[in-house]
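> Got a predicted structure here, sequence first:
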Amino acid sequence: MLTLAAWDRLDIVSERALWLLITAASGAEIGPHPAKVRILDTFMRGQRRPFKGVTLGGVALTARGGTIVMSRDKGALRGRADGAKPIPPLPLAPNQETIWDGRVALTMARPGWSVVFEAGSPRLARGEDRAELAAASPRWLLQERLSHLLECD
């Protein structure tokens, strides 16, 4: 989450910081094109029209009061009208860490489970059975991804 007031004071580094945050939050191998980030940064700072929200590089940026909340673009997970395919179910081998969507490491003790995206969020599925992601001991990778992008690892 970013506060808009603090963002306005980051003139020199804001484009690079925004690129890093979007790339880390998306789970993608490659971040958005820098020119698109520059346009978004300018748009976010715009005084004529208040920023409400946009998606870029697999991340939804939504204005909420004086903050901007970043979350995974749901269209990148469920598919889009432009032909982008939904993310397929990912089988989870028992007791083996598996990375889903480049953003979360999951380890499921019991066999036969997959991670799926349905009803707007990732869930665990085995046949007709469903379970919360918490049952697979999720380890979110945002901090690790940021460290890697900053070459601090």
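That came through, no problem.

> Give me the sheet partners of the host helix or strand of residue 60 and which way each runs.
With the criterion set as DSSP states H and E, the secondary-structure element containing residue 60 is strand 59-64. On the basis of DSSP bridges, the sheet neighbours of strand 59-64 come out as strand 53-56 (antiparallel), strand 67-72 (antiparallel).

> Now do the SS call for residue 130.
When the structure is split into helix, strand and coil by DSSP: H, G, I helix; E, B strand; the rest coil, residue 130 lands in strand.

> beta partners for it?
Beta-bridge pairing for residue 130 (DSSP bridges): residue 125.

> Determine which of the strands paired with strand 59-64 approaches residue 84 most closely.
Evaluated with Cβ to Cβ, the strands paired with strand 59-64 place strand 53-56 nearest to residue 84, the distance being 11.7 Å. Just so you know, the C-beta spots here come from the backbone N, C-alpha and C atoms, and that holds for glycine as well.

> sorry, back to before: in TSV: the strands paired with strand 59-64, plus mean neighbour count.
Written out in TSV, the entries for those read as follows (neighbours: other Cβ atoms under 10 Å):
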stretch	mean neighbour count
strand 53-56	16
strand 67-72	16
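
> domain parsing for the protein?
Residue ranges of the domains in the chain are recorded as 2-78, 90-142, according to automatic domain parsing.

> Fine by me, we can end here.
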